[in-house]
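Asks: the following comprises the amino acid sequence and a computationally predicted model.
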Amino acid sequence: MKKKPVFLGLLCLLAVAVQAQQNRPNILIILSDDHAQQTISAYGSKLAQTPNIDRIAKEGAIFNNSFVTNSICAPSRAVLLTGKYSHLNGLKDNSAQRRFDGSQQQVQKLLAAAHYQSAWIGKWHLQSLPQGFDFWKILPDQGNYFQPDFINMPNDTVRYKGYVTNLISDYSINWLNKRDVSSPFFLVIGEKATHRNWMPDIQDLGAYDDQDFPLPANFYDAYTNRKAAANQDMTIDKTMVLKSDLKVRPDFQEKGLFGRLNAEEKQAYQQYYEKIAKEYDAVKNDSVKLVKWKYERYLKDYLATAKSLDRNIGRILKYLDSTGLAKNTVVIYTSDQGFYMGEHGWFDKRFMYEESLRTPFVMRYPGMIKPGTVVNKMIVNLDIAPSVLELAKLPVPADLQGSSLVPLLGKAPLVKAWRRSLYYHYYEYPEPHRVAPHFGIRTEQYKLIRFYGPHDDWELFDIKKDPHEMVNLSKQKEYKPQIDKLTKELRGLIEKYKDTEALQILDHEKN
Ligand code: CA
């Protein structure tokens, strides 16, 4: 009889534990690749309709000022997993010899403390195999659009039949169906779309052919007073490859690209792109017409590839609805970074200019976020890991460098002090696009960038007055006080985030 209070106490504790477990939401992150904010209708794009991404924003929150810390594929994924800048998580660029150190602390390992079941399915790109997930099924490196290989646990590469975006959804739904329903899940769906070379699913070939795409206002940028911009190799005009990117008489033997199409797909591609080759022949000797044609072809293939991405996001949302999971599942849609859709004459990313610094970010969680919430504060991809941990009711380790987004949500936002400036550092040079390494600071009004290495330079933009970042103000005397103030703030951020390499560059300049 004396044991009864102890027994009841244990029962209470157990009940509390079960309650806490039940209150922990499922967390689903759909992480696409190179998907530009400028092409998403929730962000006001007129280029395309993205009804399913828009649905997440409508039923939850849209973050209008969402950025990355290093605008390139693999490093962005490492930031998501670790909540740390590239110089601390070790993955600064995409080079194949640089492998992510999976033994370090990562969000999925921390979630295990609350018994989350975790999985990463799709594009991974970190060279080393995932660690700390209960399940993974990943594309090797960039992966392929058709008949893609996947690496299965523990390390078995198998080729599958089908289109990559559809397969990634199939495998994600399969895992969700098979999981142990007694504990919450953390799933990252890693999309290959909309990465180069933008190969649409058969049903989406020509989806945008009836639409005209006017050139962006700064398409013919002369890069005046911007050395790094002048020396890049990522223009639609000169860098895009005729056969693979623009698909003019594509090589159907080309390993990894068109060589992967099955007979039926090959026929559909041949038929569609034969017409494109004729269009090319009609403009190829007129440089003005040709560049405009290249731009239109790029947008049409990119947006058609994104159409399948959005449709598959819809499939996942429907699955959550039909299983009753939607209510207690946090859904985040984001990309590893933004992309140029002809601004400055470019495709690709890397630069700290707005189009590639930005990334889409929408989030739904019915239990917390009021439908139609708009967040204008500046967020960065460093914030994802601490947000996931707070949503899972877990402590956020002190060495994570971002801030949880939870205080920005809810009916009455709790946030008092939020970042007024963000820090960025890009490294990969020279290949593949000859974008000089640089670091910098962005505030709500200004952006100050320090390029180093081959094109040593400073750039300052007033992004409120000059949102397309065409006028470098760094040499203008009247901006000296502003530059001094921003340089001081930049140094403060570099010290805060412990970027010793950037600090040395600043110190060297001072001396
Ligand atoms: Ca990317």
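Replies: Cool, the structure landed.
Asks: and the nearest residue to residue 340 once chain neighbours are set aside, what are its bridge partners?
Replies: Counting by Cβ to Cβ, 6 or more residues apart in numbering, the nearest residue to residue 340 once its immediate chain neighbours are dropped is residue 346, at 3.8 Å. C-beta: built from backbone N, CA, C; applies to glycine. Following DSSP bridges, residue 346 is listed with bridge partners residue 235.
Asks: residues touching residue 346, list them.
Replies: If a contact means Cβ atoms under 8 Å, 6 or more residues apart in numbering, then residue 346 has 232, 234-236, 340 as its contacts.
Asks: let's see that with 6 Å instead.
Replies: By Cβ atoms under 6 Å, 6 or more residues apart in numbering, the contact set of residue 346 is 234-235, 340.
Asks: next to the ion, which bits of this protein? Give me the list.
Replies: Contacts of the chain with the ion, taken as Cβ under 5 Å from the ion, map to 33-34, 73, 336.
Asks: at 6 Å what do you get?
Replies: Taking Cβ under 6 Å from the ion as the criterion, the neighbours of the ion within the chain are 33-34, 73, 336-337.
Asks: show the pLDDT at the residue most central in space within the chain.
Replies: By Cα atoms, centre = their mean, the chain has its centre lying nearest to residue 336, at 1.6 Å. What the model reports as pLDDT for residue 336 is 98.
Asks: against residue 131, how distant is it?
Replies: 20 Å (Cβ to Cβ, to the nearest Å).
Asks: what's the closest non-adjacent residue to the residue nearest to the centre of the chain?
Replies: That would be residue 76: by Cβ to Cβ, 6+ apart, it lies 3.8 Å from residue 336.
Asks: what number of residues lie near the one you found?
Replies: Using other Cβ atoms under 10 Å, residue 76 is surrounded by 26 other residues.
Asks: on the three-state scheme, it is what?
Replies: Assigned state for residue 76: helix (three-state reduction, DSSP: H, G, I helix; E, B strand; the rest coil).
Asks: contacts only, for the residue of the stretch 1-150 of the chain found nearest the ion.
Replies: Proximity to the ion, evaluated over the stretch 1-150 of the chain using Cβ to the ion, is greatest for residue 73 at 3.7 Å. By Cβ under 6 Å, 6+ apart, residue 73 lies in contact with 94, 125, 336.
Asks: and the closest residue to the ion within the stretch 201-350 of the chain, how far is that from residue 140?
Replies: Scanning the stretch 201-350 of the chain for proximity to the ion using Cβ to the ion identifies residue 336 as nearest, at 4.1 Å. Distance, residue 336 to residue 140, using Cβ to Cβ: 17 Å.
Asks: for residue 172, see how far away the closest residue to residue 394 other than its chain neighbours is.
Replies: Spatial nearest neighbour of residue 394, chain neighbours left out: residue 114 (5.5 Å); criterion: Cβ to Cβ, 6+ apart. Using Cβ to Cβ, one gets 21 Å for the distance from residue 114 to residue 172.
Asks: which one of those two is surrounded by more residues?
Replies: Neighbour comparison, residue 114 and residue 172: the larger count goes to residue 172, with 24 against 16 (by other Cβ under 10 Å).
Asks: this protein: helices as residue ranges?
Replies: Applying DSSP state H to the chain gives helices spanning 4-23, 51-59, 73-82, 86-89, 107-111, 164-178, 227-230, 263-283, 287-322, 354-357, 384-391, 480-496, 500-510.
Asks: all good on my end, thank you.
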